[in-house]
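Asker: let's see this in three dimensions:
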Amino acid sequence: MPRTRALLDLAGAPDRRMTCVLVAGTKGKGSTAALLASVLHAAGVRAGLYTSPHLQSWRERIRVDGMAVAPRAFERAMRAAAGLVPALRRDRALGEPSAFELLTVAALTRFAREKCAVAILEVGLGGRFDATNAVEPALSIVTLIDLDHRAILGSTLARIAREKAGVLRRDRPALLARQRPAAERALRAECERVGARCATIVPVARGTPLGLAGDHQRQNAGLARAAARALGARGLPMRPGGIARGLRDARWPGRLERVGDAPDVVLDGAHTEGSAAALASELSRRAGTIHLVFGCTADRDARRIARPLLARGARVYATAAGPRALPPEQVARAVGRAAVGAYGSVGEAIAAARAAARPREAVCVTGSLALVGAARDALGLPVAEDLFAPR
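Answerer: Here you go, the predicted structure:
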């Protein structure tokens, strides 16, 4: 974080030319950030959206008014960030910047150049030491906390919550999703210690129209709505009706995204047991047997992630995508008798699942966002250049 702050200062402190919002948590960070960006766009506020990871292109991580940064602009922004490194090296104690730190600087520089009023920054990992935490947020959001990255963040919900709470600031509002008791207690204790003005936000009512599918998105929408209202209370001019329109029109690819002809393929980036449980609940409402094209990264427990879907009788077409992926054969062994086979590519696994699926049965690709991105490529889906384009 000190290294990122130093890079930002060398770049002219672009983050200090806009209102920054940090979004931390385990589940729903990206969706909450995208919902807030949609709301601000509908309300006439120019906003930058910085998220990770991407699905198909690094450019997706940097968006202005929903538009992914153009290829040449992305290259220029990254070159400019890299050009700061020689000056950074004058302070040897800071060390070499990571790619994520340079990308964070590139994003904020781009947002300032585009005269964004607000920068919405999804925290990459944890909170306390993440590159995004180099900014001074006017508002912090903590989405649902789950057991994830335990080797880095801690082995309990309380420890993970304390790391996520690193994005809180004294006398600044902090919006918290409803949490399990251990995480709730830890977050509240950190709010008191830091002096942040914390509020637990309830999900929006089921009658509220949402552009993002899934009952779990109601909590994320509640956070986005509360964040927009908090920004409005700070004096940010917003068009009337923007919150309702933004929630209704929001789009976020790879999250319960339905594509293709019958049988439909559902793409979802669930990569924790809790996320998979939410996915299983949604799929069980609309389909019989689940044909699961599944893979995960090597540092995760494939059986544990798949367990909620296996409990629904899912048949697994094991595959892999990305340099950190668990090999398909190991995925197949992890899920045991549920495995139909191991496939060398996501496209082959999807084809096999589709061929086996009967009418009203679901084909679902899940386990990691890298897998979902590869599936979008295999299905011929283009990069989502504009999140706010009419559907």
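Asker: what residues of the longest helix along the chain count as buried?
Answerer: In the chain, ranked by residue count with DSSP state H as the criterion, the top helix is helix 217-233. Buried residues in helix 217-233, defined by neighbour count with 16 or more other CB atoms under 10 Å: 217-228, 230-231. For the C-beta atoms, the positions are set from N, CA and C on the backbone; glycine is no exception.
Asker: what's the neighbour count on the closest residue to Tyr50 other than its chain neighbours?
Answerer: Using CB to CB, 6 or more residues apart in numbering and skipping the chain neighbours, the partner closest in space to Tyr50 is Ala107 (4.3 Å). Residues lying near Ala107 (other CB atoms under 10 Å) number 29.
Asker: check contacts around Ala107.
Answerer: Gly48, Tyr50, Arg61, Ile62, Ala77, Ala119, Leu121 (CB atoms under 8 Å, 6 or more residues apart in numbering).
Asker: ok, now Ala357?
Answerer: When contacts are counted by CB under 8 Å, 6+ apart, Ala357 is found next to Pro263, Thr289, His291, Val363.
Asker: so where do the strands sit in the stretch 101-250 of the chain?
Answerer: 118-122, 139-142, 173-177, 197-201 (DSSP state E, counting those that start in this stretch).
Asker: out of those strands, which one sits most buried?
Answerer: strand 139-142 (a mean of 30; mean count of other CB atoms under 10 Å).
Asker: residues making contact with it?
Answerer: Under CB under 8 Å, 6+ apart, the answer for strand 139-142 is 19, 21-25, 32, 36, 127, 161, 164-165, 167-169, 172-177, 187, 196, 223, 227, 230-231.
Asker: any weak-confidence spans in this protein?
Answerer: 149-154, 262, 287, 391 (pLDDT under 70).
Asker: and for it, the residue most distant from the center?
Answerer: Going by CA atoms, centre = their mean, the residue of the chain most distant from its centre is Arg90, 34.6 Å out.
Asker: what are the phi and psi values for that one?
Answerer: Dihedral pair for Arg90: phi -60, psi -30, per degrees, to the nearest 10.
Asker: and it, how far from Ala6?
Answerer: Relative to Ala6, Arg90 is positioned 10 Å away (criterion: CB to CB, to the nearest Å).
Asker: Ala68 too?
Answerer: Ala68 sits 28 Å away from Ala6, taking CB to CB as the criterion.
Asker: quick one: which of those two has more around it?
Answerer: Ala68 (23 against 20).
Asker: just say helix, strand or coil for the nearest residue to that one once chain neighbours are set aside.
Answerer: Nearest residue to Ala68, sequence neighbours excluded (CB to CB, 6+ apart): Arg59, at 4.5 Å. Local secondary structure at Arg59 is given as helix here, using DSSP: H, G, I helix; E, B strand; the rest coil.
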